[in-house]
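need a structure here:
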Amino acid sequence: MQKRVAGFMSLLMLAGLIALPASATTKCFPDRYIMYEHSNYGGHSRGECTSEPDLRDVEWGIFAWEDFNDMISSLKTLGQYAYFYDGANYSNLLKYYGANQNISFVGDTLNDRFGSVWNGYP
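Residues are numbered from 1 along each chain as shown. Below you'll find the model as predicted:
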């Protein structure tokens, strides 16, 4: 009986690793900016403390297409500046936000365009 329970628990742990991607399980601290899918801080959100050269790697769900690339409509900077770029690897600077700013809507020209973020922490 104990072997069956141990085997079942091992199977559950393995299934949990498959369901959650590695990037979703690792998290830095403290958050220096928070990205939101919709305006007024709605939808999916994710706080980060390091720069992100490709927001396709910052996931909000278990599927590869559930990421923050071209999906940011509002954001907050927490004690740290942030540069937001149109493309991956910090190409085409779109906007600089200073420390401690709450942006309820990034604006029509920037909505859902951010592809990478630089905040000085690699």
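
residue ranges of the helices in the chain, please?
Taking DSSP state H, the helices of the chain run over residues 2-19, 22-25.

Would you single out the least confident of these?
Mean pLDDT across the helices of the chain is lowest at helix 22-25; the value there is a mean of 48.

for this structure, where's the lowest mean pLDDT among helices and strands?
The weakest-scoring helix or strand in the chain, judged by mean pLDDT, DSSP states H and E, is helix 22-25 (a mean of 48).

for Met75, what are its contacts?
Wrong residue type there; residue 75 is Leu, not Met. Listed by Cβ atoms under 8 Å, 6 or more residues apart in numbering, the contact set of Leu75 reads 33-36, 82, 84, 97, 103, 106. Bear in mind the C-beta positions are built from the backbone N, C-alpha and C, glycine included.

mind redoing it with 6 Å?
The contact partners of Leu75, by Cβ atoms under 6 Å, 6 or more residues apart in numbering, come to 35, 103.
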